[in-house]
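Q: Generate coordinates for the sequence data below:
(2 chains)
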Amino acid sequence: MKTWKLVLFLALLSASCKKPYNPSVVNSPRSYLVVEGAISTNDTTVIKLSRTVNLSNGSTVNPVMAAVVTVESDHGLTYPVFESTTPGTYKLYAGPLDVSQRYRLRIKTSNDNKEYLSDYSVVKVTPPIDSIGFNLTSTGIQIYANAHDATNNTRYYRYSYEETWRFHARYSSDYVSNHVNDVVPRTVDQRIYFCFAGNKSSTVVLASTAKLKEDQLFQAPITEILSTSEKIELRYSILLRQYAMSAESYKFWSLLKKNTEQLGGIFDAEPTELTGNIHNTADATDIVIGYIDAGTVATKRVFIDNSQLPDTFRATYPYSGCAVDSNYYINPLTGANQVLQNLVPELEFTLYGIFSPGSLKPVGYGAAPRECADCSIRGVTKQPDFWTTN
Amino acid sequence: MRKIYLASFCFLLFLQAAWAQQNNQKLFSVNFQQATITQFVNELESKSSYHFYYDQAQFDSLRVTLQVTDKPLSSVLDLAFKKTAFMYAINQNGQVFLTKGRAIRTDLAPGYTHLKGNTPETQLPNVADYTAEAEKKVPVATTENKLYEIGIKTNTIKPGKAILSGYIRDIKSGEAVTGASIYVANTKTGAATDAFGYYSITLPRGHQVLSVRGLGMRDTRRQIVLYSDGKLNIEMQEQINSLKEVKISGEKVANVRSAELGVTRLDIKNIKQIPTAFGEADVLKVVLTLPGVTSVGEATTGFNVRGGAADQNLILLDGATIYNPAHFFGFFAAFNPDIVKDIELYKSSIPEKFGGRLSSVLDITNREGNKKKFTGSAGIGLLTSRLNIEGPIIKDKTSFILGARTTYSDWLLKLLPESYKHSQASFYDFNAGISHQIDEKNNLYLSGYWSQDKFKLNSDTLYKYSNKNANIKWKHNFNNKLYSLISAGIDRYQYDVSSSANPVNAYDLGFNINQSNFKADFTYYLNNKHTLNFGLSSILYKVNPGTFEPNGPKSLIAPDVIDPEKGLENALYLGDKYDVTSDLTISAGVRYNLYSYLGPATVNHYAPNLPKEPNNITDSVKYGSGKFIKSYGAPDIRISARYLLGDNLSVKAGYNTLHQYIHLLSNSTSISPTDVYKLTDPNIKPEHGDQVSLGFFRNAAANTIEMSVEFYYKRIRDYLDYKSGAVLLLNHHIEQDVINTQGKAYGAEFLIKKTAGKLNGWMSYTYSRTFLRQDDPYAGEFINEGKYYPANYDKPHSFNFNGNYRFTHRYSISFDIAYSTGRPITLPIAKYEYAGSERVFYSDRNIYRIPDYFRSDFSIIIEGNHRVHQLTHNSWTIGVYNITGRQNAYSTFFTEQSGVISGYKLSIFAAPIPFINYNIRF
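A: Next comes the predicted model:
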């Protein structure tokens, strides 16, 4: 029986499987306009314009520059949105807009001279985020948000977030090359053991209370962090943005999520056509990807410290081959100056000094490859302004 | 053991002497390879009206290898018996006596001529045996050589015809033999038994020899003298396959001679030979190997017949409608292979008695249970086990059969990697049947089925679904010509989805569909040329399309109940099978359907010629309970005809129309257990379709090879599709989210089947296309700009081979190959950045295809020893599913990983899967 179990186990491991698949290049003859963003009545309105690219293209970036973008209200007010220094990104801070009016976006492209218009959107006022917390799961932690709307009007929620975390390199490098002939102790500013890294959400996060008696969002899942992740090895912070949405907007976003994130399972749905609320004013068949709605944003930041998490959580270092190597001024066997050969040109990063009895200056140094000692290759050493320590 | 009978000379004289004149010069063209005497004689008898009389024991050493063209019988026999001690004699009545060593004289000895002209009737009972010695060996009663007198005995046999009817049963278990054929060579008439083993045949009065053949049964014959209408029950013995003996199939001549097209019947023995992924015989996986049947992938038992959707198949288990025929994510069929007797799939000529679905009828018949003694069987596999017991309650009158299956697969899921570990799956099912013979004219059948599935797919959401069916059937014979089958039953399918991890959002979602049905089917053997079928059927549907309730005290879920729906589907039908000439048979019928949507209900009325959208609602009307809100009536036409182009070649053509009043709405690739059934209502029209088909059928090598080519063209109207992003569950206005779709399908199916010999099996190739089109201008949106697009299951080329080779009585191997074009998919054609990630833009629906599908499987069946008297008989099935380990794509999808789009393909069985099964019979 035992052998059978093993055979079957191996068979099933490979039985149902997910393998990379790249069909022979399929390209669209056309490129479609993509409009992303929201009209914000209490914050900066950011609109990104781009065009779809062929799947085989190396880069997805294809901004639409020099377009004329305006926010219009149904009371006839217009607010021009200007292109920022980032190509294809248009920004507007018009001061607080009247939430009782409806707004839409007008886009005139300069290169092909086409005009696009979004449907009028009612301003959705987003309730505040009540709290952000986490639950332990079998694989790590699940971060959630709680929110509510006492007037039962919000019902549909969308989230985006920015994560920031402090982490450290595998080893502490106490010395640094003077790039001439020796290594010298690092100053505080030169330390590269602790760094900060960050990340923006890349999945569509939605929540709905439409089926509940009260508009009360309880532990809406935001993101998961594995127990082995460096994100939570020291201290982690998340800045969560909450957007209230209309039912139509929710439908668009959930379809976008289904089409691009939730496919391929046995019972998962098939991709379907994605229709937004932006139209070419002259050609109804022209496809425009995107949904523009208007509303306010609620934000909240929280920190999660490693001390709040179980001791069993252990971060795995992303690089292997972090063996420590000794480098001497005079190698006892060859007599070569390994410090000059390896550490001064930073072939390896210097970790600590090796002292012989009685000597004040090290006779050699422990060293390791850069990725094992330098956190700055994956982050920045400068602490962000918002960072607080516990 | 065969024994010959020699009629007295007087009896011989009685038979018309005229016979000889026309038949003596009958010429034979035959080709025998190592034929036994049985094969030899059967072949000659089937080509003429000669009757052979011989002692089989004397001839068992004979093997005939012979090829002649257009030779009289005497020459054939001369050649066959050349250099042997065998002799023959042919008399003028077409009776042939085969003997060893000494020929029989067929002439009367001189001096007996004065007997000529005497009335022979009185001497009929004095039929004597060949030798006095042999007579002692004649077994009692059921022998083939006994002369049965049927009807009220008269001194002289009246000219004209009489009706013979009765049951054909298995001598060992007393169970009905379905599809057995009774053939009278003399008059070239034949009949076949129905699902209850009942037959009725009109014959000329007088002496007749009935040749009886049944699927998996040993051929037998009965000699009768038919005086008037009467009954004859025939018991047949199970065929113990001798390697040298030809296996005779009951369908043998049916392929060419029946008037039906696109009908396949499979015995459970055939089904058990076919390797499956987990070693347990699977009724539905076998259906997928038949020409004209496709599916979207391996993890589904939903099948598509000739371009129809998966919900357009009527799946009947002993007459009960099974809504979800799958267990365990679709890896197992819901039918217990130890209980099932046979299956019949109707793709084209759907009998008038069936209706309510557009594409096909899959009629699964369970066994009745052994009427003679208690027996049972059990099977143990890696994932499932099953048990069945059966036996008489009253010997020869009442029998029961019980079956159960369960799975213990959770151990296996626990061995899987973390990401699958928290999945759970389990199922069980029960079958129960009682068959009771009240008296000669009345039989009662009770059957029940209950299945339950539970699974969690790596989340806390628990899915449960269940089929529950019960029905009762009463078969009543009014007389030899007319019998009826009255049945009533209830069928239920329900599912339940619940979640409790988040106490505030914890919910419980329920769905169920109930149908109560009543049917009365009558069969009337009007005369030799006409068989009438007529009857009525009535189905009352009750659908609870969704109840959504809080689960637990903290849950804030607002209870939501979709109004229940009621519909009544009635039908009246009449069909006639008319044998116009011996070459031409026409089967024609009409079924009139009347469907009504019943209250209580609130129905929205929409402005005409506008999309069904909330702002186009003109009125909302409330109807009271039992109110007939809207009725749809339409006739279904079923016509097919067969014309014999030769002894072994026929051409058939058919046309049929069908209507369907219950729709399945599914937005996943395969049928999932949470799909929604919707009844036709004032806003949703019934689906209808029609099909023309043409086929050529040929048998060769003494009917052991069957070949057919069939062509079809089919139209589907008002098939229900859904709008992009439609929510199907808990939708109060589902008519706003669905669109009517039209479809067309055409194809050619080629099939070669070898039904006998050491090697048997079938091979098929199908070319078929299925297109759908959504061009309703008022639907609010178009799919692929309103042009035809291929359906999900459109697989133009498909090839299947299923073969079984029997080395000895104990060892046999099975091998099969399945190839098909990959199914259509929707592929991304462009990408863009949105919400922090690369995302893809999809092409028009279904214009690309996944890679072609190929799979081959292998299994060895090892039977225990064949001693009759032992406590248990056991067998092992060992095999490998997907030998080549080809990673057939089930689906392909593009999804973001850390903000970058990557393409993946999902394979369900991506490696060779070994399996082992132990079966035991007691």
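Q: Every contact and neighbour count from this point should use C-alpha atoms.
A: Noted.
Q: Would you state the helices of chain B in chain order?
A: Here chain B has its helices, by DSSP state H, at B:9-14, B:18-23, B:37-46, B:56-59, B:73-80, B:132-137, B:254-257, B:268-272, B:283-287, B:410-414, B:418-421.
Q: what do you get for the stretch 151-300 of chain A?
A: Using DSSP state H, counting those that start in this stretch, the helices assigned to the stretch 151-300 of chain A run over residues A:247-260.
Q: so where do the strands sit in it?
A: In order along the chain, the stretch 151-300 of chain A carries the following strands (DSSP state E, counting those that start in this stretch): A:156-168, A:175-177, A:183-185, A:194-200, A:205-208, A:216-226, A:235-245, A:278-280, A:288-289, A:294-295, A:297-305.
Q: For these, give me CSV that also has mean neighbour count, mean pLDDT and distance to chain B.
A: Output for these, formatted as CSV (neighbours: other C-alpha atoms under 10 Å in any protein chain shown; pLDDT from 0 to 100; distance: least, C-alpha to the nearest C-alpha, whole Å):
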stretch, mean neighbour count, mean pLDDT, distance to chain B
strand A:156-168, 21, 96, 8
strand A:175-177, 20, 94, 34
strand A:183-185, 18, 93, 38
strand A:194-200, 18, 94, 7
strand A:205-208, 20, 94, 10
strand A:216-226, 20, 94, 6
strand A:235-245, 22, 96, 13
strand A:278-280, 22, 94, 15
strand A:288-289, 23, 93, 9
strand A:294-295, 26, 92, 16
strand A:297-305, 17, 95, 16
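Q: Flag every buried residue along stretch A:360-378.
A: Burial within stretch A:360-378, assessed by neighbour count using 16 or more other C-alpha atoms under 10 Å in any protein chain shown, is assigned to A:363-376.
Q: Next, the contact list for the spatially most central residue of chain A, please.
A: Nearest to the centroid of the C-alpha atoms of chain A, with distances taken as C-alpha atoms, centre = their mean, sits residue A:200, at 2.2 Å. Residue A:200 makes contacts with A:160-163, B:836, as judged by C-alpha atoms under 8 Å, 6 or more residues apart in numbering or on different chains.
Q: And for residue B:661?
A: With contact taken as C-alpha under 8 Å, 6+ apart, residue B:661 is in contact with B:356-357, B:569, B:595, B:679-680, B:685-687.
Q: With adjacent residues omitted, what lies nearest to residue B:590?
A: In space, and not counting its chain neighbours, residue B:590 is closest to residue B:637: 4.7 Å by C-alpha to C-alpha, 6 or more residues apart in numbering or on different chains.
Q: from what I can see the one you found touches residue B:593, true?
A: No - under the contact definition of C-alpha atoms under 8 Å, residue B:637 does not touch residue B:593, with a separation of 10.8 Å.
Q: ok, the two, which is more surrounded?
A: Under the neighbour definition other C-alpha atoms under 10 Å in any protein chain shown, residue B:637 and residue B:593 were set side by side, and residue B:593 has more, 25 against 19.
Q: I'd like to know how far the more buried one sits from residue B:689.
A: 14 Å (C-alpha to C-alpha, to the nearest Å).
Q: you'd agree residue B:543 is up against residue B:516?
A: No - assessed by C-alpha under 8 Å, residue B:543 is found out of contact with residue B:516, at 11.6 Å.
Q: The two: which has the busier surroundings?
A: Counting neighbours by other C-alpha under 10 Å for residue B:543 and for residue B:516 shows that residue B:543 has the greater number, 24 against 19.
Q: List the residues that contact residue B:683.
A: Applying C-alpha under 8 Å, 6+ apart, one finds that residue B:683 lies in contact with B:604-605, B:735.
Q: Extract the residue ranges of chain A that are flagged as low pLDDT.
A: Scanning chain A for pLDDT under 70 picks out A:1-17, A:24-25, A:263-269.
Q: Output the contacts of residue B:661 in JSON lines; the columns should cover neighbour count, distance to chain A and pLDDT.
A: Formatted as JSON lines, those follow (neighbours: other C-alpha atoms under 10 Å in any protein chain shown; distance: C-alpha to the nearest C-alpha, whole Å; pLDDT from 0 to 100):
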{"residue": "B:356", "neighbour count": "25", "distance to chain A": "27", "pLDDT": "93"}
{"residue": "B:357", "neighbour count": "22", "distance to chain A": "24", "pLDDT": "94"}
{"residue": "B:569", "neighbour count": "23", "distance to chain A": "31", "pLDDT": "96"}
{"residue": "B:595", "neighbour count": "27", "distance to chain A": "32", "pLDDT": "97"}
{"residue": "B:679", "neighbour count": "24", "distance to chain A": "23", "pLDDT": "95"}
{"residue": "B:680", "neighbour count": "23", "distance to chain A": "24", "pLDDT": "95"}
{"residue": "B:685", "neighbour count": "19", "distance to chain A": "24", "pLDDT": "92"}
{"residue": "B:686", "neighbour count": "22", "distance to chain A": "25", "pLDDT": "95"}
{"residue": "B:687", "neighbour count": "24", "distance to chain A": "23", "pLDDT": "94"}
